[in-house]
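Asker: mind folding the following:
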Amino acid sequence: MSRVISRSIVRIATLGCLFFGLVSCAASQDAAWGGELVARIDSLAEATLREGPVAGLTIGVKRGGDLLMVKGYGYADIENSVPMTAETVYRIGSLTKQFTAAAVMQLVDAGLIGLDDPMTRYLPNYPTQGHEVSIRHLLTHTSGIKSYTSIGDAFWLKAALFDLSHTEMLELFQDEPFDFAPGEGYSYNNSGYYLLGMIIEEVSGESYDSYLGTHVFGPLGLSRSSYCHEAQIIRGRAEGYEQGPDGLLNDGSISMNTPGAAGALCSTVPDLLSWTTALRSGRVVTEASYRSMATSGLLDDGSATGYGFALGVNPLGEHSRVAHTGGINGFSTVMAHYPGSGLDIVVLSNTGSGAPGQVEDRIARWALGMPLKN
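Answerer: Numbering: from 1, shown residues only. Presented below is the predicted three-dimensional model:
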């Protein structure tokens, strides 16, 4: 349940330039592909596991229709020595938001939701405290509603552990003062996406879980993607870990009811590579709706936020980039697309850390022939 590229709601430690055995951090290089890039990624992954420490990673890289690699490194379950694979299932945290935003846009495409409709058209009992909050505000993190993950111990040490109903979840944040008037600011907001999940349910007449299975996962053949219920048997699901002062620890508990449409999905690298291609190609939403998702939102004063509908649109140097990260207890993730080159990179880890973002950045710079970060 983390923000685009740089911010996460879990306590992610930022990895610096740890990969001493690789190319110097300041060095520029020619664009790499094929076996050369795979060899570099292998070395990078092994250094990440060692220096992190990180339990495991799965990395996928493709450019256009050319799939370079999907490969697992390290362990999906340390205690039982289960190796990570290309098909390992991870909690994906806030990458979930892309699926939520796409589901909303499917309903927009069908004429059942308007982007500038007030949210109270669909959730009439929500107390907006005199403000008018639109669907667009919720999608772009500009609503001003208090994010439930920002209320501190009241959430993390209490509510997060329990299977709360929608009513109980709303009681955590609905009466908190707004952070700002809708449209006047940007603040990454899990409450907004939780509410969008409720709106999907209200409009479709289906549970969020069922809606995605019927209208997204099933039609696209994403057979390893699902709502990540704790009690359900999910074959190949990784265990989660956190970085402790003396090494890795098992991750802390969280009820997967609480992330909801903001961060409760499971998936694999192959499914996510298929997903991002399908989303851009008109197979999920119309091409116009995808353009809306991948266009920066604007505040009322005209300033750009760098965030569309569950997609960050911040460039990497001179290369345009559409990306998002995810973080939830024991897991951290990143998925990035570079429209100019057709490059897609997905990095999933079963350790709560900043490693996926660092790995994705390094792979992108190698593949695009960019200087490495200092």
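Asker: okay, strands next: where are they in the stretch 151-300 of the chain?
Answerer: Taking DSSP state E, counting those that start in this stretch as the criterion, the stretch 151-300 of the chain contains strands spanning 226-227, 241-244, 247-250, 265-267.
Asker: make a markdown table out of these and add mean neighbour count.
Answerer: Backbone N, C-alpha and C define where each C-beta goes, glycine included. As requested, the strands of the stretch 151-300 of the chain are arranged in a markdown table below (neighbours: other CB atoms under 10 Å):
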| stretch | mean neighbour count |
| --- | --- |
| strand 226-227 | 20 |
| strand 241-244 | 19 |
| strand 247-250 | 14 |
| strand 265-267 | 27 |
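Asker: now for these, which one comes closest to M256?
Answerer: Evaluated over the strands of the stretch 151-300 of the chain, closeness to M256 peaks at strand 226-227, with 7.4 Å, by CB to CB.
Asker: sec struct for the residue lying closest to G306 once chain neighbours are set aside, please.
Answerer: Nearest-residue entry for G306: N314, 4.8 Å, with adjacent residues in sequence omitted and distances by CB to CB, 6 or more residues apart in numbering. Recorded secondary structure, N314: coil (DSSP: H, G, I helix; E, B strand; the rest coil).
Asker: quickly note the distance from N314 to T268.
Answerer: 26 Å (CB to CB, to the nearest Å).
Asker: which of the two has more neighbours?
Answerer: When N314 and T268 are compared on other CB atoms under 10 Å, the one with more neighbours turns out to be T268, at 28 against 16.
Asker: contacts only, for the nearest residue to the more buried one once chain neighbours are set aside.
Answerer: Closest residue to T268 apart from its sequence neighbours, by CB to CB, 6+ apart: R224 at 4.4 Å. When contacts are counted by CB atoms under 8 Å, 6 or more residues apart in numbering, R224 touches 87, 89, 236, 266-268, 270-271.
Asker: now for these: which two are most distant?
Answerer: Farthest apart among the contacts of R224 by CB to CB are C266 and P270. That separation is 13.2 Å.
Asker: contacts only, for E230.
Answerer: By CB under 8 Å, 6+ apart, the residues touching E230 are 255-256.
Asker: could you rerun that using 10 Å?
Answerer: By CB atoms under 10 Å, 6 or more residues apart in numbering, the contact list for E230 reads 163, 253-257.
Asker: same check, this time on L272
Answerer: For L272, counting by CB under 10 Å, 6+ apart, the contacting residues are 58, 60, 90, 92, 95, 98, 222, 224-225, 333, 335, 344, 346, 348.
Asker: for those residues, which one is nearest L195?
Answerer: Q98 (16.6 Å).
Asker: can you tell me the average pLDDT over the strand or helix carrying the closest one?
Answerer: With elements delineated by DSSP states H and E, Q98 resides in helix 96-109, which encompasses its position. In this model, helix 96-109 has an average pLDDT of 98.
Asker: for it, name the packing helices and strands.
Answerer: Helices and strands touching helix 96-109, as assessed by 3 or more CB pairs under 10 Å, 6 or more residues apart in numbering; DSSP states H and E, comprise helix 135-139, helix 190-204, helix 208-212, strand 265-267, helix 269-280, helix 287-293, strand 322-328.
Asker: using CSV, lay out the ones you listed together with distance to L112 and mean pLDDT.
Answerer: As requested, the helices and strands packed on helix 96-109 are arranged in CSV below (distance: least, CB to CB, whole Å; pLDDT from 0 to 100):
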stretch, distance to L112, mean pLDDT
helix 135-139, 11, 98
helix 190-204, 5, 98
helix 208-212, 12, 98
strand 265-267, 22, 98
helix 269-280, 20, 98
helix 287-293, 13, 97
strand 322-328, 25, 97
